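Participant: Return a 3D structure for these sequence lines:
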Amino acid sequence: MAHDELLSSTDKEERLSDVYLRAVAAKAGYAVAIPDLDRDGIDVEIKAGGAMRPALGIQLKATINLGAPDGGFFRYSLAVRNYELLRLTTQTPRILVVLALPQAEEEWLAVSPEALTLKRCAYWVSLLGEPETTNKATITVSIPDSQIFDPVTLTMLMDKSRSGTKI
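Facilitator: Take a look at the predicted model:
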């Protein structure tokens, strides 16, 4: 860490995941809201206009350790508290979004006159209806490598929220 940096690497990962989510939401035309307190396992809410004013609750994570998918799935270690809150039936659907960053911090972000580039992407999974766990600290969840969190996918998720279709 440089002598005048205030943020740790983990802080930077968290901030970049927020920037990624905000860019995807902006491209899709949705608003991002931060709950006053994270007492319910939701870091961010995405809100849409139109009929029913759908919303989506998101637990947002970032990691340099997502690794390669195995059998079409990434394995991610999630705190049991977050897992338990994400698997509940709620009026507003909830998902886990995990930003996969390169191992080397200097590769995370590049800026040039032609592009602002954030390396890699985020993946999402719904844990709705998953079974209870007896684990005490963490649980490994499977995230399909096909579920990239992008503007098209976000629009599809909001349409499901609008119609009350299970995500």
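Participant: Check which helices and strands the lowest-mean-pLDDT helix or strand in the chain sits against.
Facilitator: Every helix and strand in the chain was compared by mean pLDDT, DSSP states H and E; the lowest is strand 116-118, with a mean of 93. Strand 116-118 is packed against helix 9-28, strand 109-111, with contacts defined by 3 or more C-beta pairs under 8 Å, 6 or more residues apart in numbering; DSSP states H and E. C-beta here means a position set from N, CA and C on the backbone, and glycine is covered the same way.
Participant: That one: which residues count as buried?
Facilitator: residue 118 (16 or more other C-beta atoms under 10 Å).
Participant: Neighbouring strands of that strand in the sheet, and parallel or not?
Facilitator: strand 109-111 (antiparallel) (DSSP bridges).
Participant: Just list what the longest strand along the chain packs against, helices and strands only.
Facilitator: If you go by DSSP state E, the chain has its longest strand at strand 55-63. Strand 55-63 is packed against helix 9-28, strand 44-47, strand 73-79, helix 80-86, strand 94-100, helix 151-163, with contacts defined by 3+ C-beta pairs under 8 Å, 6+ apart.
Participant: Cheers, nothing more for now.
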